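[1] How does the following fold in three dimensions:
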Amino acid sequence: MKEQKDWFTGIDYYNNYKEKEIQVEMLEISKPIDLHAHVQVELWYVLDGTAKIDVNGKAYSLEKNAFLCLYAHHLYQIYGIEKNLKVIRIRFFIGLFMHMMWEKHESATHAELVYETKPMIDGSCDPHLKELFESIYLEQEESEFGARNMIVYQVLELHTLYCRYALKDTKKMDEKDVWYIIQQILVSPARAYTINEAAMKLGYHPNYLNQKLKQLSGMTFLELKQFAKVLNACALLHFEELDISYIIEQLGCCSSATFYRIFEQYTGMSPTQYQQTMILDQEHYYHGQDRFLKILQYLSFNFTSHITIYDCAQALNIKEYAIDQLLKDYDLSFTSLLEDIRFLYAKTLLEATDKSITTIAMDCGFGSLSTFQRIFQKKRNCTPSAYRKAYRNL
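    Model prediction:
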C-alpha cells in the first residue's frame, strides 16, 4: 500500500509491474514470416489482405475477419501473400490471465482450451470481436485515464470470447502427425518421452523422425525437449510464489546446473534475470523480501501449532534449503524466528490477560511449560511470572 495524501491504493504497488503490460500494434505484412517461435500469447485480427499461415504444420487461410489465438506451443509461418495483410496484433503473457481467472470449470477444461482448440476462428461470427480489437487499439493510441485498465479488461473479454467460440469447434490433431509429436513435446516438458517411443507411434525409424522434426520445427527431438523446458519455465516464472528450484523439479530437469545452462542457451540470461527483466521491475519487492514476508506470514498464522521447516516449505512451495539460506541472510534460523514470534505473542498475553503461565505456554505453541520458561529466561533474563509481576507494578 502507498499513501497518496488522504487515500490509499494497493494498485500502486504494481504500478510498473511488467506482467500487466500488453502490447497492441497495427501491422502491415507484405513479406513472408519464417517459422516463428514465441513466448507470449498472440491474438490477431485480420482487417484486410490475403495470405496463408501454417500453425504447427497445418495450413490456414488468412483473410478478412480471421481471428487467431496463438499460444507459446504454436509455431507459425506466413507465406503466399496475395494481398498485403493489415492486422491488429495483441501480445501478452498468459500468466496475467491465469492470475485473473476466477470462473471454475470442469477438470482439464483450461488444458483443452490451450492445447486442443484450433488456433483460428472466423471473427465474422460475432461483430463485437472486431469492435473489441479496434477499441483496444484506440485505447492504446489515445492513452487516456484508465487506458491500461480498459485494455486489460477488454483483452480478457476478447480472449474469453475466443475460447468460447473455439471450444464449439474443437478438432483434435491427428496423433499420427509429426506435428502432434512436436506439440506433445512442447506441452509435456516433465514427461520421460523418448524418440524411440515417438517414432514407434508413427511407425518411423528414430533417425527419420529426427530429420522430419528438424525439417518442420528447426529443432531435433532433444532440442525440442530442451526448448519445451525453457518455454514452460518462462510461463511458470510469472508466478512469484514458485521457487525456481520448485519449477526445475516440476519440469523434470535432472539437475539445476543443467537447467540453468539450457535456459541461458535459449534466452541469453539466467531464470532470475529473465524474471527481473521480462516480468518484474526494480521497484517491485521480490525474491528475498517477498519470500521472507511469505515465511513470516505463514509463521504468524500457524505458530500456535507444532510446525517445522518442512511444513513451511510444503505450504509455500519452497525448498527447505532455500528457506534456510534466506533466513541466514537475515541472521536468523527457522527455529529462532518461530521462537521470536511465539515469545512476542506470549509476552502480550502475560501483559494483557490473567491466563495462567501454563495456558499461555500451550496457547503459543511452546509444547511444554519448561520450554516456555527456558526461552523466556533467555530473552528477558527473568521468568514469565516475574515479568508479569514487574510489568503490573509499573
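[2] Number of residues surrounding Arg388?
    19 (other CB atoms under 10 Å). From N, CA and C alone the C-beta is placed, and that goes for glycine too.
[3] With Trp44 instead?
    The burial count for Trp44: 24, using other CB under 10 Å.
[4] just the CA coordinates of the one helix or strand it maps to, formatted as CSV?
    Assigned by DSSP states H and E, Trp44 belongs to strand 41-55. Presented in CSV, the C-alpha positions along strand 41-55 are these (Å, rounded to 0.1, in the frame of the first residue of the first chain):
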residue,chain,number,x,y,z
VAL,A,41,0.2,-15.3,-26.4
GLU,A,42,-0.6,-13.5,-29.6
LEU,A,43,-4.2,-12.5,-30.7
TRP,A,44,-4.5,-11.5,-34.3
TYR,A,45,-7.4,-9.9,-36.2
VAL,A,46,-7.1,-9.6,-39.9
LEU,A,47,-8.7,-6.3,-41.1
ASP,A,48,-7.7,-6.8,-44.8
GLY,A,49,-5.5,-8.9,-47.0
THR,A,50,-5.0,-12.5,-48.2
ALA,A,51,-2.2,-15.0,-47.3
LYS,A,52,-1.5,-18.4,-45.8
ILE,A,53,-0.4,-19.3,-42.3
ASP,A,54,0.9,-22.6,-41.2
VAL,A,55,0.4,-23.3,-37.5
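[5] The following helix or strand past it vs strand 41-55, what angle?
    Downstream of strand 41-55, the first helix or strand assigned by DSSP H and E is strand 58-62. With axes from the mean of the first three to the mean of the last three CA atoms, to 10 degrees defining the directions, strand 58-62 sits at 110 degrees from strand 41-55.
[6] partners of the helix or strand just after strand 58-62, with directions?
    Using DSSP H and E, the helix or strand that follows strand 58-62 in sequence is strand 66-70. Neighbouring strands of strand 66-70 in its sheet, by DSSP bridges, are strand 41-55 (antiparallel), strand 120-122 (antiparallel).
[7] packing partners for the top helix by length along the chain?
    Looking across the chain with DSSP state H, the single longest helix is helix 147-167. Applying 3 or more CB pairs under 8 Å, 6 or more residues apart in numbering; DSSP states H and E, one finds that helix 147-167 makes contact with strand 41-55, strand 66-70, strand 76-92, helix 94-100, helix 109-115, strand 120-122, helix 127-142.
[8] For Gly49, the count of nearby residues, please.
    Gly49, neighbours per other CB under 10 Å, totals 19.
[9] just Tyr162 next, same as before
    21.
[10] any idea how far Ile22 is from it?
    Per CB to CB, to the nearest Å, Tyr162 is found 15 Å from Ile22.
[11] swap in Leu62?
    Counting by CB to CB, the gap from Leu62 to Ile22 is 22 Å.
[12] And for Cys163?
    To Ile22, Cys163 is 17 Å away according to CB to CB.
[13] Lys130 too?
    In this view, Lys130 and Ile22 are 18 Å apart by CB to CB.
[14] Those two: who's more crowded?
    Ile22 (21 against 18).
[15] and the more buried one, what pLDDT?
    With respect to pLDDT, Ile22 scores 89.
[16] Quick check: it touching Tyr137?
    No. Judged on CB atoms under 8 Å, Ile22 makes no contact with Tyr137 at a distance of 11.3 Å.
[17] Output the helix or strand harbouring Leu293 as CSV - backbone C-alpha positions only.
    Using DSSP H and E, Leu293 maps to helix 288-302. What follows is helix 288-302, C-alpha atoms only, in CSV (Å, rounded to 0.1, in the frame of the first residue of the first chain):
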residue,chain,number,x,y,z
GLY,A,288,14.3,-12.2,-0.6
GLN,A,289,11.9,-9.5,0.5
ASP,A,290,8.7,-11.1,-0.8
ARG,A,291,9.7,-14.6,0.2
PHE,A,292,10.7,-13.5,3.7
LEU,A,293,7.3,-11.9,4.1
LYS,A,294,5.5,-15.1,3.0
ILE,A,295,7.5,-17.1,5.5
LEU,A,296,6.8,-14.5,8.2
GLN,A,297,3.1,-14.6,7.4
TYR,A,298,3.0,-18.4,7.5
LEU,A,299,4.6,-18.5,10.9
SER,A,300,2.4,-15.7,12.2
PHE,A,301,-0.7,-17.7,11.2
ASN,A,302,0.5,-21.1,12.4
